[in-house]
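> attaching a predicted model along with its sequence, questions to come.
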Amino acid sequence: ASTYENILTEKKEGGVGFIQLNRPKALNALCDGLYKDLHSALQSFDADPEIGAIVITGSEKAFAAGADIKEMKDKEYPQTYLIDMLSWWENVGKTRKPIIGAVNGYALGGGCELAMMCDILIAGKNAKFGQPEINLGTIPGMGGSQRLTRAIGKSRAMEMILTGEMMDAEEAASRGLVSRVHPTESLVDEALKMARKIAAQSRPITIMAKDVVNQAFETGLQDGLKFERRVFHSTFATNDRREGMAAFAEKRKANWTQN
Ligand code: CO8
């Protein structure tokens with residue numbers, strides 16, 4: 001049982017730490033409060049000697065529908081740069097114990113990026129992955145341009161990021177973005193089963209194994225992430241970014257002015 005506002009956490013049998021994103025009214029949009037809750041839960045599972053693996057999931061409708069657009073829409077460029085907005089999300093990837101992301105429903109924008117920070121991704125049949133930032137006059141800011149491109153290759157990643165269109169679970173599996181697809185209702189049980197298997201292994205060896213796989217994946221990534229974030233911040237210097245987010249909040253179509 002947990003005391004967080006935006007997530008539910010539970011220590012499950014077999015040494016598994018379970019985290020469920022829980023802001024149903026905003027389809028689990030990743031507000032600052034949700035980040036703080038998630039970071040704190042990950043740190044306490046990391047520090048807990050009884051826990052050997054972690055599962056992160058959302059609801060059946062949404063893993064997470066992105067960064068919280070309503071929280072971001074009035075931000076200005078100098079502020080985004082000054083606080084290095086979104087950089088703290090990289091802490092999720094610094095968790096030492098393996099994280100299985102179990103995605104049902106929408107994993108869009110920051111939600112897709114959070115999913116890709118997990119070590120193993122599995123999806124429910126109804127999962128939808130996307131980087132729709134272009135529709136808001138901005139670009140991915142939490143690793144999407146780097147991790148999605150590494151996961152599914154340049155052409156398909158470019159297509160998703162430039163068109164904003166979503167990819168379904170079967171395709172995500174065929175391209176290696178997720179390792180398995182399960183029926184929506186049994187996804188969380190399957191994630192827990194896999195996590196128990198991992199938690200039953202040697203803790204230090206498990207972490208070493210995770211570290212070396214990540215090494216193969218991450219060389220050169222830090223520069224890419226920093227570059228992406230700076231350009232993401234720069235979209236906050238445009239009128240079109242402001243217009244895109246205002247239009248979302250006001251439930252109307254964006255009117256691009258190309259500046
Ligand atoms: N931020 C804030 N609120 C949201 C978000 C969001 N990303 N997504 C949904 N909501 C809210 C809606 O505004 C709505 O609230 P209300 O009931 O008050 O109007 C509620 O959640 C339910 O949503 P819908 O009524 O729209 O539900 P539908 O089933 O009709 O549609 C969709 C679901 C298709 C997922 C739709 O909600 C949608 O398009 N959402 C926005 C998706 C999006 O553009 N995500 C990208 C966000 S930008 C981003 O993540 C890039 C920043 C870089 C990373 C930052 C990470 C922190």
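Right, received. Where do you want to start?
> tell me which element the residue most central in space within the chain is part of?
Geometric centre of the chain, nearest residue: residue 114, 1.2 Å, by Cα atoms, centre = their mean. Using DSSP states H and E, the element containing residue 114 is helix 110-117.
> please state the mean pLDDT value computed over that helix.
The pLDDT scores in helix 110-117 average 98.
> show me the contacts for residue 187.
Counting by Cβ atoms under 8 Å, 6 or more residues apart in numbering, residue 187 makes contact with 57, 102-104, 122-124. C-beta: built from backbone N, CA, C; applies to glycine.
> mind checking how far it is from the ligand?
18 Å (Cβ to the nearest ligand atom, to the nearest Å).
> ok, now how distant is that residue from residue 218?
Residue 187 is 27 Å from residue 218, where distance means Cβ to Cβ, to the nearest Å.
> count of neighbours near residue 155?
Residue 155: 9 surrounding residues under other Cβ atoms under 10 Å.
> returning to what we had before: considering only the contacts of residue 187, which also neighbour the ligand?
Contacts with the ligand within the contacts of residue 187, counted by Cβ under 6 Å from any ligand atom: none were found.
> would you turn those residues into TSV with neighbour count, pLDDT and secondary structure?
Compiled in TSV, these are given as follows (neighbours: other Cβ atoms under 10 Å; pLDDT from 0 to 100; DSSP: H, G, I helix; E, B strand; the rest coil):
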residue	neighbour count	pLDDT	secondary structure
57	23	98	strand
102	29	98	strand
103	32	98	strand
104	25	98	coil
122	26	98	strand
123	29	98	strand
124	24	98	strand
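> would you mind giving those as TSV with distance to residue 205 added?
Converted to TSV, the contacts of residue 187 look like this (distance: Cβ to Cβ, whole Å):
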residue	distance to residue 205
57	26
102	24
103	27
104	31
122	23
123	28
124	30
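> what pLDDT is listed against the residue in the stretch 151-259 of the chain that the ligand sits nearest to?
The ligand sits closest to residue 232 of the stretch 151-259 of the chain, with a gap of 6.1 Å, by Cβ to the nearest ligand atom. Per-residue confidence at residue 232 stands at 91 (pLDDT).
> A helix includes it, no?
Yes: judged by DSSP: H, G, I helix; E, B strand; the rest coil, residue 232 forms part of a helix.
> leaving out chain neighbours, which residue sits closest to it?
residue 141 (3.3 Å; Cβ to Cβ, 6 or more residues apart in numbering).
> how much space separates that neighbour from residue 48?
Applying Cβ to Cβ to residue 141 and residue 48 gives a distance of 31 Å.
> between those two, which one's more packed in?
residue 141 (27 against 13).
> sec struct for that one, please.
On the basis of three-state DSSP, residue 141 is classed as coil.
> next up, phi/psi of it, please.
phi -130, psi 0 (degrees, to the nearest 10).
> wait, what's in contact with the residue nearest to residue 134 when sequence neighbours are not counted?
Of all residues not flanking residue 134 in the chain, residue 164 sits nearest, at 4.7 Å (Cβ to Cβ, 6+ apart). Going by Cβ under 8 Å, 6+ apart, residue 164 touches 130-135.
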